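Q: Okay, structure incoming, though there's no sequence with it:
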């Protein structure tokens with residue numbers, strides 16, 4: 001099952017996807033709201049999500065939070081951790097940008113391993 005990367009910024013989405021792949025994990029990095037919603041409805045091993053991501057008005061926070069509450073590890077990546085603390089509540093980690101690539105890779109790998117049991 002892939003790690004789903006939900007990020008509207010193309011450059012950051014590609015970087016996050018590359019970190020996941022280089023950590024030895026599969027990735028799904030949808031480029032728009034409908035594709036992101038489809039990925040959130042499909043089996044996944046974790047979610048990397050920026051709570052400020054909007055795809056043409058598609059706020060995916062309710063879907064992300066629902067999956068997180070059902071046990072899917074969610075890692076929040078944000079430039080505004082203090083302002084978005086409430087959105088990090090259900091996350092296994094809240095990582096502030098700019099972030100250390102090795103730290104992110106370790107957090108994602110650990111979350112996927114713990115979820116797999």
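A: All right, it came through fine. Bear in mind that the values here come from a model prediction, so they are computed numbers and not experimental data.
Q: ok, which stretches of this structure are helices?
A: Along the chain, counting by DSSP state H, helices occupy 10-22, 33-41, 61-69, 85-88, 101-116.
Q: Dump the ones you listed into CSV; add mean neighbour count and mean pLDDT as well.
A: In short, each C-beta sits where N, CA and C put it, glycine included. As requested, these are exported to CSV (neighbours: other Cβ atoms under 10 Å; pLDDT from 0 to 100):
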stretch, mean neighbour count, mean pLDDT
helix 10-22, 17, 96
helix 33-41, 17, 88
helix 61-69, 16, 76
helix 85-88, 15, 62
helix 101-116, 16, 94
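Q: Which among those helices is found nearest to residue 75?
A: helix 101-116 (5.8 Å; Cβ to Cβ).
Q: contacts for that closest one?
A: For helix 101-116, contacts defined as Cβ atoms under 8 Å, 6 or more residues apart in numbering pick out 3, 15-16, 19-20, 22-25, 45-46, 48, 71-73, 75, 77, 92-93, 95.
Q: could you give the angle of it to helix 10-22?
A: 60 degrees (axes from the mean of the first three to the mean of the last three Cα atoms, to 10 degrees).
Q: if you take the average position of this structure, which residue is closest to it?
A: The centroid of the chain falls nearest to residue 48 when counting by Cα atoms, centre = their mean (1.0 Å).
Q: So what sits opposite it in the bridge?
A: Beta-bridge pairing for residue 48 (DSSP bridges): residue 5, residue 75.
Q: likewise residue 95?
A: residue 77.
Q: That one reaches residue 79, doesn't it?
A: No: the pair residue 95 / residue 79 is not scored as a contact, 10.4 Å apart, by Cβ atoms under 8 Å.
Q: Residue 80: neighbour count?
A: The number of residues packed near residue 80 is 13, by other Cβ atoms under 10 Å.
Q: Give me the pLDDT value at it.
A: If you check residue 80, the pLDDT there is 76.
Q: Contacts only, for residue 41.
A: Shown in contact with residue 41 (Cβ under 8 Å, 6+ apart): residue 63.
Q: any idea how far residue 32 is from it?
A: 15 Å (Cβ to Cβ, to the nearest Å).
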